[in-house]
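> Any chance you could fold what I've pasted below:
(one chain, ligands or ions: 1)
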Amino acid sequence: MTDDGRLLTDPAALPPAEAFPTRRPFSGMLFATPGRFRVDYEINPYMEPGVDAERAREQWHELVETYRRFADVSVLDVEATRAAADGQAPPADRPDVVFCANLGLALPDGRFLLARMATDQRRGEPAYLRRWAASTDRSVERLRSDAVFEGAGDARWHPGRRLLWGGHGPRTDRAALEEIAARFDVPVVPLELTDESFYHLDVCFAALDERTALACPAAFTDAGLAKIRALFETCIEVPAAAARDGLACNCHAVGDGRVVIDEANEATAARLADHGYEPVRVSTDEFRKGGGSVACLGLPH
Ligand code: ARG
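Just a heads-up that it's a prediction; the model follows:
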């Protein structure tokens, strides 16, 4: 494929999604235990203190149980991985590690590319994924440049295809997407995120299947939206208020038309149903106090 190894920037030059090679579908989901989750710093506009730790634990367990119906679930035990912080601050200082989509990105060949976090508060977190990967014999790669890359929070594979959607701006650097494209020989569609409330790609964009995406137009440039509309036959548009209030776009398609979504998103769930999807409702409101919901809480691999 001639587009391998570079960023696909021109909406008018995009081939249809079917032109990209297929890739192995992901069947695994990794979750990180929520025992340390709380909100006591603010690195995104949603963060508000006052997490009910007990309720957060219940919601996390319910989410993980829900996923067991659809995926091979693995759990990264944050407390037991204390040593993985390797000279970094101990887990008590990593309250956001529960949002394990940010720890790295699974590559089609089974390796993980570790994240490099934008903020000091989260800096030590990718070490948890490294330790988990080592314990399960999966190899990990690191970025060679010093670019920021916040893992699957900002990088989502096109369903079924060897084609990566990459958000950049608030957190991830465009240079990281360039490195991924060149080094792993994958075409990457860069999407500049223009609004601080859409600080990761997964809070404003979800690929539901090969032909359909859910996206919040307010998060993107005109060129970015044009790229989404060029590669997906249908783009279900979510108004900015819904994308912010319930993190509606932070839902996750788990195959067979099922979409796991926070129950606060009644209108979006109804739209999904209108388009033939089956919304699987969960509650993640304790985690929304940290700025994350369904898609942030699991790492597909
Ligand atoms: N408090 C975390 C942060 O700001 C939330 C991360 C949410 N994760 C995501 N993939 N959007 O980094």
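
> Mind listing residues that contact stretch 34-47?
Residues from elsewhere that reach stretch 34-47 (C-beta atoms under 8 Å, 6 or more residues apart in numbering): 48-51, 53, 56-57, 60, 78-79, 91-92, 94-98, 119, 121-122, 196-197, 199, 244, 247, 286-291. Where you see a C-beta, it was placed from the backbone N, CA and C, and this is true even at glycine.

> Among these, name the ones that also lie close to the ligand.
Among those, the residues within reach of the ligand (C-beta under 6 Å from any ligand atom) are 96, 122, 290-291.

> doesn't Gly166 make contact with His200?
No. Counting by C-beta atoms under 8 Å, His200 does not reach Gly166; the two are 11.1 Å apart.

> gap between the lowest-mean-pLDDT helix or strand in the chain and the chain center?
Least confident element among the helices and strands of the chain, by mean pLDDT, DSSP states H and E: helix 126-135 (a mean of 93). When C-alpha coordinates are averaged (C-alpha atoms, centre = their mean, to the nearest Å), helix 126-135 and its chain have centres 18 Å apart.

> CA atoms only for it - export them in PDB, please.
Output in PDB follows, covering the C-alpha atoms of helix 126-135 (Å, rounded to 0.1, in the frame of the first residue of the first chain):
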ATOM      1  CA  PRO A 126       3.200   3.600  31.100                       C
ATOM      2  CA  ALA A 127       5.600   1.500  33.300                       C
ATOM      3  CA  TYR A 128       2.500  -0.400  34.500                       C
ATOM      4  CA  LEU A 129       1.700  -1.500  31.000                       C
ATOM      5  CA  ARG A 130       5.300  -2.400  30.400                       C
ATOM      6  CA  ARG A 131       5.300  -4.600  33.500                       C
ATOM      7  CA  TRP A 132       2.000  -6.200  32.500                       C
ATOM      8  CA  ALA A 133       3.200  -6.900  29.000                       C
ATOM      9  CA  ALA A 134       6.400  -8.500  30.300                       C
ATOM     10  CA  SER A 135       4.300 -10.800  32.600                       C
END
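
> after it comes which helix or strand?
Going down the chain from helix 126-135, the next helix or strand is strand 140-141, by DSSP states H and E.

> Quick one: mean pLDDT for the next helix or strand after that next one?
Of the helices and strands lying after strand 140-141 in sequence (DSSP H and E), the nearest is strand 155-157. Mean pLDDT, strand 155-157: 98.

> Going by contacts, tell me the helices and strands next to the helix or strand Ala223 falls within.
Element membership of Ala223 [criterion: DSSP H and E] is helix 222-231. On a contact count with 3 or more C-beta pairs under 8 Å, 6 or more residues apart in numbering; DSSP states H and E, helix 222-231 meets strand 188-192, strand 212-215, strand 234-237.

> would JSON lines of those with mean pLDDT and distance to Tyr128 be doable?
Below are the helices and strands packed on helix 222-231 laid out as JSON lines (pLDDT from 0 to 100; distance: least, C-beta to C-beta, whole Å):
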{"stretch": "strand 188-192", "mean pLDDT": "98", "distance to Tyr128": "25"}
{"stretch": "strand 212-215", "mean pLDDT": "98", "distance to Tyr128": "29"}
{"stretch": "strand 234-237", "mean pLDDT": "98", "distance to Tyr128": "34"}
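
> Just give the number of residues close to Ser139.
Counted with other C-beta atoms under 10 Å, residues neighbouring Ser139 total 11.

> same deal with Pro217?
17.

> so it sits right up against Ala226, yeah?
No. Assessed by C-beta under 8 Å, Pro217 is found out of contact with Ala226, at 10.9 Å.

> which residues are in contact with the longest helix seen in the chain?
Assignment by DSSP state H gives helix 53-68 as the longest helix of the chain. Outside helix 53-68, the residues that touch it by C-beta under 8 Å, 6+ apart are 29, 31, 33-35, 37-38, 73, 75, 98, 254, 260, 280, 282-287, 294, 297-298.

> any chance you could map the helices in the stretch 201-301 of the chain?
Ranges of helices within the stretch 201-301 of the chain are 222-231, 240-245, 266-274, 285-288, 294-297, based on DSSP state H, counting those that start in this stretch.

> Most tightly packed of these?
Of all these, helix 294-297 has the most neighbours on average by mean count of other C-beta atoms under 10 Å, namely a mean of 27.

> Settle this for me: Ala176 is touching Val148, isn't it.
Yes. In this structure, Ala176 is within contact of Val148 by C-beta under 8 Å, at 6.4 Å.

> out of those two, which sits in the more crowded spot?
Neighbour count, other C-beta under 10 Å: between Ala176 and Val148, Ala176 has more, with 25 against 19.
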